[in-house]
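Visitor: Model the structure of this input:
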Amino acid sequence: MVPCKICGGESSVTHRGTVLARHQATYRMCVDCDYWFIDEPHWLEEAYSEAIAAIDTGVAQRNLRLSPLLTS
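Guide: Numbers count the residues shown, from 1 in each chain. The predicted model follows:
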């Protein structure tokens, strides 16, 4: 059993998938608090090594759309 990272309750596997096109991940959900998490996200350093992902094609559009809301 892998305990929930929030409440320590029991968790169950919901599915498995691929992260960053090469890392296998096991997704779990806590049966008590419904927190959804990944067993061992060992790729976090790689995932956050660049602020903008190469596959993020909407970054410029989002910045232009949100700039009026954020400027005073």
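Visitor: Now do the contacts for the closest residue in space to Cys4 that isn't next to it in sequence.
Guide: Nearest residue to Cys4, sequence neighbours excluded (C-beta to C-beta, 6 or more residues apart in numbering): Cys30, at 3.7 Å. Every C-beta, even on glycine, is put in place using the N, C-alpha and C of the backbone. Going by C-beta atoms under 8 Å, 6 or more residues apart in numbering, Cys30 touches 4, 6-7, 9-11, 36-37.
Visitor: in the sheet, who's paired with Cys30?
Guide: Residues in a beta bridge with Cys30, per DSSP bridges, are Ser11.
Visitor: what's the distance between it and Ser11?
Guide: Cys30 sits 5 Å away from Ser11, taking C-beta to C-beta, to the nearest Å as the criterion.
Visitor: what residues are shared contacts of the two?
Guide: Residues touching both Cys30 and Ser11 (C-beta under 8 Å, 6+ apart): 4, 37.
Visitor: Where in the chain is the helix or strand with the lowest mean pLDDT?
Guide: Counting by mean pLDDT, DSSP states H and E, the chain has its least confident helix or strand at helix 59-70, which shows a mean of 86.
Visitor: Which secondary structure elements does it sit against?
Guide: Here helix 59-70 touches no other helix or strand, going by 3 or more C-beta pairs under 8 Å, 6 or more residues apart in numbering; DSSP states H and E.
Visitor: Give me the contact list for the helix or strand hosting Glu45.
Guide: Element membership for Glu45, per DSSP states H and E: helix 44-47. Where contact means C-beta under 8 Å, 6+ apart, the residues beyond helix 44-47 that reach it are 19-20.
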